[in-house]
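S.K.: Below are the sequence and a predicted model for it; my questions follow.
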Protein chains: 2
Amino acid sequence: MSNVHEIYPAGRIILREVGLRDGLQLVKRFPSTAAKRKWIEREYDCGVRHFEVGSFLPARTFPQFADVLEVVGGVAALPGAHGVALALNERGVNAALASGVAEIGSVVSATEEHSQANANRSRNEAIANIRRLCELRDGSDHRPIVSAAISMALGCSIAGPVDPNEVIRLAGQCYDAGADMVAVADTVGYAGPKAVGELTAAVVRIAESRPVCVHLHDTRGMGIANASAALDSGARVLDGSLGGLGGCPFAPGATGNVVFEDVVFLCESKGFATGIDIEKLVAVRSILRDEMPEETLYGALSRAGLPGRAASLPG
Amino acid sequence: MSNVHEIYPAGRIILREVGLRDGLQLVKRFPSTAAKRKWIEREYDCGVRHFEVGSFLPARTFPQFADVLEVVGGVAALPGAHGVALALNERGVNAALASGVAEIGSVVSATEEHSQANANRSRNEAIANIRRLCELRDGSDHRPIVSAAISMALGCSIAGPVDPNEVIRLAGQCYDAGADMVAVADTVGYAGPKAVGELTAAVVRIAESRPVCVHLHDTRGMGIANASAALDSGARVLDGSLGGLGGCPFAPGATGNVVFEDVVFLCESKGFATGIDIEKLVAVRSILRDEMPEETLYGALSRAGLPGRAASLPG
């Protein structure tokens, strides 16, 4: 058995900073390795413990993740911090296992069309890949957590609407293949809270005691409402990126991942303790501004401040 | 009896454009009367039927509403369109009644501190004012709808946290005074969806068959999540402003009212038919840009487009 219930304790809210991986997919300029480590250390000081740090993909194609080993090492050096890296084929999985990263993420597309177009393989092959990843994990010494994201789970950039039953079926296959956690991903930000809530509830049901992550993009302004619906439906792991770093290749000008600091505020407002200091977290945005001045950062807390502060302003 | 159930039919979603009143409270430059009428006509063409158009307040202090009579007339000229104007004292109420506007709005602060500081009167006096408004309405020929907004209902810029029981008590007093509808207002955008949902449910309970409006500001990015929670809790009337026009005097740089076009998208995504064409609505933002170039407009639909459109983009 993996230690998934230590890293994602049942019932506790876990918020994961995915800006260092998903947030860097489309940016024009990449932060230096030192800046990435500073970003992680500063958020760690705010109370963040879960970081998606990069991909084990060819550095030729994804130069922003060429330093993934050093970033994995940066997270590992912080007591109680947990690093996640993506690995999409056996070469990547072996490199990820060798890196000692605490969690390896894999992906299956919700639709056959997107699976073929994006990964040049069928969904069955993607599931087989997750099964192989779990076998390799089981043969390793440190036995990292394996998570499986179902991309386009709430709408597909190629196929359009997605049948929730297909996503539920794939989620079951991911767990059966040995994944410790399934992430339901609204990759292109198609969904509203009703769809997110219903799909989350269904996946939580089949997950039984295993954690369910909901990965949201704020493309159409529904990100926080969707996060709220996911929480109401039993998800306890949510992804986000500081300043909503990211963007969407299918919607030019759209925001990226749901804004991390606003998700923290949402959770606290709903009575879920996150252990994260929001005001300190907002201040970490300066690293992103300095390193990636071309990128628009989003978010409301950074503009308005917390209610208590606003209340103390004159007027 | 008033005709409130014709204008706000039970169970139907009514989305009200409040940009022409609440949205203009803080702007640096005001749209011309012709532009206001164009704004209303263009939104009417999109399917919007409910417009808050201005205040009957001294034009010396609120020059942006000096043309309120002409704007009221503009709405009245459109078949099925419904205009709302604010009137806060007896002089204003008489002017509003004389204007023939279809709905007159009044306000009571949720906290004694804010009532005294903002309106220089107690909450009891504000309730008495609503009762007097309803008496004058009952003596009029056209008997407009009377709505009563409870400002600062989810957090107060002066007193801080607000006891929901106080808001529920005031809502009961507003209905008892003769108001046809109560609006719960998160005036400074303090709340998250849990608080909004719980308060909405409580007010819907005491409202019985009478409509309940929820008026939200997006100050801390919770606007759409809060609107979703309000709908889940039984509210069927929501306010919003095109492009989130407005702002908050207590949170410089913050957005204003919840973004109208994004609320439309939210409602449709939840299966509530609004009768509003979102893409056409987004195009109306050009009037605001032309008339108030200094104002930042917000919103996600305007950046990202509807899901169907994004899906048809290459890539």
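M.R.: Noted; the coordinates are in hand.
S.K.: Spell out which parts of the stretch 51-200 of chain A neighbour chain B.
M.R.: Within reach of chain B by C-beta under 8 Å from any C-beta of the partner chain, the stretch 51-200 of chain A has these residues: A:155-158, A:160, A:188-195. Where C-beta positions appear, they are placed from N, C-alpha and C, glycine not excepted.
S.K.: Next step: those restricted to helices.
M.R.: In this view, those that belong to helices under DSSP state H are A:Pro193, A:Lys194, A:Ala195.
S.K.: still on that earlier bit, ChimeraX command to pick out the buried ones of the residues of the stretch 51-200 of chain A next to chain B?
M.R.: Here is the ChimeraX command that selects the buried residues among these (16 or more other C-beta atoms under 10 Å in any protein chain shown):
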select /A:155,156,157,158,188,189,190,191,192,193,194,195
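S.K.: Quick one: the residues of the stretch 51-200 of chain A next to chain B as JSON lines, columns for pLDDT too.
M.R.: Formatted as JSON lines, those follow (pLDDT from 0 to 100):
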{"residue": "A:Gly155", "pLDDT": "95"}
{"residue": "A:Cys156", "pLDDT": "94"}
{"residue": "A:Ser157", "pLDDT": "90"}
{"residue": "A:Ile158", "pLDDT": "92"}
{"residue": "A:Gly160", "pLDDT": "94"}
{"residue": "A:Val188", "pLDDT": "92"}
{"residue": "A:Gly189", "pLDDT": "93"}
{"residue": "A:Tyr190", "pLDDT": "93"}
{"residue": "A:Ala191", "pLDDT": "95"}
{"residue": "A:Gly192", "pLDDT": "97"}
{"residue": "A:Pro193", "pLDDT": "98"}
{"residue": "A:Lys194", "pLDDT": "98"}
{"residue": "A:Ala195", "pLDDT": "98"}
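S.K.: which of the residues of the stretch 51-200 of chain A next to chain B sit farthest apart?
M.R.: In terms of C-beta to C-beta, those reach their longest pairwise distance at A:Ile158 and A:Pro193, which sit 23.9 Å apart.
S.K.: Low-confidence ranges, chain A, go.
M.R.: When the per-residue scores of chain A are filtered using pLDDT under 70, the ranges that remain are A:1-2, A:308-315.
S.K.: State the distance from the residue in the stretch 201-315 of chain A that chain B sits nearest to to A:Ser241.
M.R.: When distances are taken as C-beta to the nearest C-beta, the stretch 201-315 of chain A approaches chain B most closely through A:Ser269, which lies 2.6 Å from it. Distance of A:Ser269 to A:Ser241, given as C-beta to C-beta, to the nearest Å: 20 Å.
S.K.: Who has more neighbours out of these two?
M.R.: When neighbours are counted by other C-beta atoms under 10 Å in any protein chain shown, A:Ser241 comes out ahead of the other of A:Ser269 and A:Ser241, with 31 against 21.
S.K.: Please name the nearest non-neighbouring residue to the more buried one.
M.R.: Sequence neighbours aside, A:Gly19 is the residue nearest to A:Ser241 in space, at 3.4 Å (criterion: C-beta to C-beta, 6 or more residues apart in numbering or on different chains).
S.K.: How many neighbouring residues does the one you found have?
M.R.: Other residues near A:Gly19 come to 30 when the count uses other C-beta under 10 Å.
S.K.: Now for A:Ser147, how many residues are close by?
M.R.: The local packing of A:Ser147 (other C-beta under 10 Å) involves 26 other residues.
S.K.: Who are the contact partners of it?
M.R.: Residues in contact with A:Ser147, defined by C-beta atoms under 8 Å, 6 or more residues apart in numbering or on different chains, are A:Val84, A:Glu103, A:Ile104, A:Gly105, A:Ser106, A:Ala179, A:Asp180, A:Met181, A:Val182, A:Ala183, A:Cys213.
S.K.: pretty sure the first one is touching A:Ala102, no?
M.R.: Yes: contact status for A:Val84 versus A:Ala102: in contact at 7.3 Å, counting by C-beta atoms under 8 Å.
S.K.: Show me which of those two is the more surrounded one.
M.R.: Neighbours were counted for A:Val84 and for A:Ala102 using other C-beta under 10 Å; A:Val84 has more, 27 against 21.
S.K.: Now the more buried one. Its backbone dihedrals?
M.R.: For A:Val84, the backbone dihedrals (degrees, to the nearest 10) come out as phi -130, psi 130.
S.K.: separation between it and B:Val4?
M.R.: Looking at A:Val84 against B:Val4, where the rule is C-beta to C-beta, the gap reads 54 Å.
S.K.: ok, now A:Gly80?
M.R.: Summarising the geometry, the distance separating A:Gly80 from B:Val4, computed by C-beta to C-beta, is 57 Å.
S.K.: Assign A:Val107 to one of the three secondary structure states.
M.R.: Taking DSSP: H, G, I helix; E, B strand; the rest coil as the rule, one finds A:Val107 in the strand state.
S.K.: How many neighbouring residues does it have?
M.R.: By the other C-beta under 10 Å criterion, the neighbourhood of A:Val107 contains 22 residues.
S.K.: So what pairs up with it in the strands?
M.R.: In this structure, A:Val107 bridges to A:Ala149 when assessed by DSSP bridges.
S.K.: Tell me if I'm right that it and A:Ser151 touch.
M.R.: Yes: counting by C-beta under 8 Å, A:Val107 does reach A:Ser151; the two are 5.4 Å apart.
S.K.: three-state assignment of the spatially most central residue of chain A?
M.R.: Nearest to the geometric centre of chain A sits A:Asp239, at 4.0 Å (C-alpha atoms, centre = their mean). Following three-state DSSP, we place A:Asp239 in the strand state.
S.K.: Which residues does it form beta bridges with?
M.R.: Note on A:Asp239: beta-bridge partners by DSSP bridges are A:Arg16.
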